[in-house]
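In: Here is a sequence together with a model predicted from it:
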Amino acid sequence: MISRLCSITVFLKLFAFGLLFYGPSLAAQAEPADAYADSLKDAQAYYWNNDKIDSGFAANAALIRYYKKIGNDYEYVRESINRAEVLRGIGGYTEAINTIREVEPICKTLPLSTVRSAFYNRKGAILHEMRQHEAALAAVKESQRIDSIKGFKWRIISNLMLEGALYRDMKDLEKAEKVLVKTFQASRDLADSSEWASAAYNLTVLNFRLGDYERSIRYGRRYIDISPFKEQKITYGDVFHLVSRAYEELGNIDSAHFYLDSVYGIRMRHMQRIIDDNSSKYEVVNQLEKERLENDILQAEREQSRLQLIILALAVLVAIVLIYFANRQRNQYKRANAQQEEYSKELENSLNFKNKLISIVAHDIRNPIASLKGLIHVYNEGLVEEKDLEQMMRGLEASVGNVDLLLENLLNFVRSQSGELDPHIERLNVAEVVHVSISEAQAQLQDKGISVNLDKLNAQDTISTDGNYLAFVLRNVLSNAIKFSEPNSSIEISCHHEEDFDCINIQDFGKGMNAETLRQIRENTAIRSNLGTGNEKGTGLGIGLSQEFLHKINGKLKIESSLGEGTTVSICLPKS
């Protein structure tokens, strides 16, 4: 356990240097760093440098998620490579290769770069550890291909060392020896003492296996001279042992004994260092275990607190839902009651209106019919002379005209309530429409001796509207003007134009209206019409229906009146 921990510690410290080494090569390819990413990188380096592997992985996972979210593929692949390399260093080969394979599709989309080269280099190293030599060799070759195309030099030694190790494990010792010689020369040229020593060590072992003892001795002695570790690694003693055996195979017993004695001294000192370091290593293990237990306890407490909060939140949510539905049901009940009361009130008002309307209509129709009945009776009895009959017939004609208008208003009222009236807009000559309405009201005009003044009406004026709608409204307004005009007076009809409307004006000089009556008519709340100057009666439907009809064609009825001075009604229709 202690030995394993020490190897991991050494690996992590070396890898931390590797992280710094990757940075300058990738800076030109990655997007500018930000404070959040920098803080995670600092945390990751700190944890891994101080053997806090789990915390380092947590910081690394946050970095990977962040770069994936912002779409920085270079840094996303790079941090995934870092994660896989640490997993390889602690023996998690399956997790390491799964991490590599997860980001490989994205890596293949990147331009040829140090990131892609590093990806295949580390993939080869992981597959080598897993004894998948053919796949590992293919990955190393891809890394070398990228380096060759782009002229990258800093990974040459790593790829050569890995390639030589693969050939060695595949039992192709001659290729392994050639590749390791290249590694030795390249590391020497680059003055990389660590890789130079590693290449010398591998060549020492390989040449001994090939039986080339002289070369094994040469590379072994070179390793002893250049190794930066100097008894810090177990391989230092192994090289002394191999050189001793090579001298023995060549018959040089003195040299063999010299190196063998050195082996004993090196290994004894190495064992003493292990013993001296045991206490501190046990402390590291105990500290790591203590931190893990504390984290587990803290995590359990957090989970318990989270569970309590969830239960409390659910209870509050259930209470809120219950209160909401209770209030909703109560409000629905209140609205239903209010709506029912409103419907009842509307129904009552409708029935009262119907009864009142029937009463008014029955009364207003009854009088003309009674007059007609009386006239027929006196005519049949011969009680009326010819000259009196003509005058009585004119009065009767006016009464019948009023009944006809009443029935038309009733019919249009029913149609408006059922939605059967659809307007048809066309261009009409105002003078023609006015003359038709005057001719229909001629009996009423003659009965009261009223004249219509059209001097202010331009014969060329036109208006855009529905002909039937306009005729209906004009007939009602003109009938009202006649009704409330004094006998032998006049009515003036003219036309004026506003910014958005064309208006037909009907002005009488009769009794006029007080302010309250004018307000009721404008608001369409009056139901019973006042008596006219000749005691004419009416239902009060005409003006209300006229306002409703005009509203359907976006028109309006403007009424101005003063008591004793007459009334002016303007039928205003929108311009086309």
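Out: Received, thanks.

In: Any regions of this protein where pLDDT drops low?
Out: Low-confidence segments of the chain (pLDDT under 70): 1-33, 154, 191-193, 227-236, 263-288, 349-375, 377-421, 525-529, 537-541.

In: mind giving me the domain split of it?
Out: 1-154, 421-574 (automatic domain parsing).

In: where do the helices sit along the stretch 51-200 of the chain?
Out: Under the criterion DSSP state H, counting those that start in this stretch, the stretch 51-200 of the chain contains helices at 53-70, 73-89, 93-109, 114-129, 133-150, 156-169, 173-189, 193-210.

In: Next, the buried residues of the third one.
Out: Along helix 93-109, the positions that meet the burial threshold by neighbour count (16 or more other C-beta atoms under 10 Å) are 93, 96-97, 99-100, 103, 107. All C-beta spots, glycine's among them, are computed from the backbone N, C-alpha and C.

In: Show me where the protein has its strands.
Out: Applying DSSP state E to the chain gives strands spanning 426-429, 451-453, 462-465, 490-497, 501-508, 556-562, 566-574.

In: Just give the number of residues close to Q308.
Out: 10 (other C-beta atoms under 10 Å).

In: should've said E214
Out: 12.

In: In contact with the residue nearest to it when sequence neighbours are not counted, which residues?
Out: Computed as C-beta to C-beta, 6 or more residues apart in numbering, the closest residue to E214 that is not its neighbour in sequence is L250, at 7.1 Å. Contact analysis of L250 by C-beta atoms under 8 Å, 6 or more residues apart in numbering lists 213-214, 217.

In: Quick check: the residue nearest the centre of the chain vs S244, distance?
Out: Geometric centre of the chain, nearest residue: K69, 17.2 Å, by C-alpha atoms, centre = their mean. According to C-beta to C-beta, to the nearest Å, K69 and S244 sit 59 Å apart.

In: ditto for G564
Out: 142 Å.

In: Check A431 too.
Out: Distance, A431 to S244, using C-beta to C-beta: 135 Å.

In: Could you check which of these two is surrounded by more residues?
Out: For A431 versus S244, the count of surrounding residues by other C-beta under 10 Å is larger for S244: 22 against 17.

In: Hmm, that one is touching A256, no?
Out: Yes - S244 is within contact range of A256, at 4.9 Å (criterion: C-beta atoms under 8 Å).

In: who touches A96 in this structure?
Out: So A96 contacts 83-85, 87-88, 126 (C-beta under 8 Å, 6+ apart).

In: number of nearby residues for Q132?
Out: Q132, neighbours per other C-beta under 10 Å, totals 16.

In: Equivalent analysis for S216, please.
Out: 26.

In: Wait, it touches N207, no?
Out: Yes - using C-beta under 8 Å, S216 is in contact with N207, at 3.9 Å.

In: so what's the backbone phi/psi at N514?
Out: The phi and psi values for N514, taken as degrees, to the nearest 10, are phi -80, psi 170.

In: Spatially, which residue comes closest to it, not counting chain neighbours?
Out: L563 (5.0 Å).

In: count of neighbours near the one you found?
Out: 13.

In: circling back: got JSON lines for the contacts of A96, with distance to V569 and neighbour count too?
Out: Output for those, formatted as JSON lines (distance: C-beta to C-beta, whole Å; neighbours: other C-beta atoms under 10 Å):
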{"residue": "R83", "distance to V569": "89", "neighbour count": "23"}
{"residue": "A84", "distance to V569": "92", "neighbour count": "26"}
{"residue": "E85", "distance to V569": "95", "neighbour count": "21"}
{"residue": "L87", "distance to V569": "94", "neighbour count": "21"}
{"residue": "R88", "distance to V569": "98", "neighbour count": "23"}
{"residue": "I126", "distance to V569": "97", "neighbour count": "25"}
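
In: Nearest to D172 among the residues you listed?
Out: D172 has its nearest neighbour among these in I126, at 21.0 Å by C-beta to C-beta.

In: I'd like the distance between that closest one and A136.
Out: Taking C-beta to C-beta, one finds I126 at 8 Å from A136.

In: next one: E174
Out: E174 is 19 Å from A136, by C-beta to C-beta.

In: which one of those two has more residues nearby?
Out: A136 (24 against 10).

In: so who does that one touch?
Out: Going by C-beta under 8 Å, 6+ apart, the list of residues near A136 reads 123-128, 162, 166.

In: mind running it again at 7 Å?
Out: 124, 127-128, 166 (C-beta atoms under 7 Å, 6 or more residues apart in numbering).

In: Not counting its neighbours along the chain, what's nearest it?
Out: Closest to A136 by C-beta to C-beta, 6+ apart is L127, at 3.6 Å.

In: mind listing what that neighbour touches?
Out: So L127 contacts 97, 135-136, 139 (C-beta under 7 Å, 6+ apart).

In: nearest to W196, of those residues?
Out: A136 (23.3 Å).

In: Distance check, that closest one against A165.
Out: With C-beta to C-beta as the criterion, A136 and A165 are 9 Å apart.

In: overlap in contacts of these two?
Out: H128.

In: Tell me the spacing between K175 and A62.
Out: 43 Å.

In: Repeat that for L478.
Out: From L478 to A62 the distance is 87 Å (C-beta to C-beta).

In: got it, and I482?
Out: Noted for I482: a distance of 91 Å to A62, by C-beta to C-beta.

In: do the same with F152
Out: Note on F152: its distance to A62, by C-beta to C-beta, is 29 Å.

In: ok, now G534?
Out: According to C-beta to C-beta, G534 and A62 sit 97 Å apart.

In: Same question for S198.
Out: For S198, the distance to A62 - C-beta to C-beta - is 34 Å.

In: okay, these two: which has more neighbours?
Out: In terms of neighbours (other C-beta under 10 Å), S198 is the more surrounded of S198 and A62; the figures are 22 against 17.

In: That one: what's its closest spatial neighbour, skipping adjacent residues?
Out: M161 (6.3 Å).

In: got a list of what the one you found touches?
Out: 183, 195, 198-199.

In: L162 too?
Out: L162 touches 124-125, 128, 140, counting by C-beta under 7 Å, 6+ apart.

In: For L470, state which of those is nearest.
Out: When the contacts of L162 are compared against L470 (criterion: C-beta to C-beta), the nearest one is G124, at 94.1 Å.

In: Just give me the neighbour total for that closest one.
Out: For G124, using other C-beta under 10 Å, the count is 28.

In: do the same with E142
Out: 18.

In: pretty sure R209 contacts E174?
Out: No - look at R209 against E174 with C-beta atoms under 7 Å: they stay out of range, at 11.4 Å.

In: which residue sits closest to N458 in space, ignoring its chain neighbours?
Out: C495 is the one closest to N458 (C-beta to C-beta, 6+ apart), at 6.2 Å.

In: And for S262?
Out: S262 sits nearest to F240 (C-beta to C-beta, 6+ apart), 4.9 Å away.

In: ditto for K123
Out: Counting by C-beta to C-beta, 6+ apart, A139 is the residue found nearest to K123 once chain neighbours are left out, at 4.2 Å.

In: I am finished for the moment; much appreciated.
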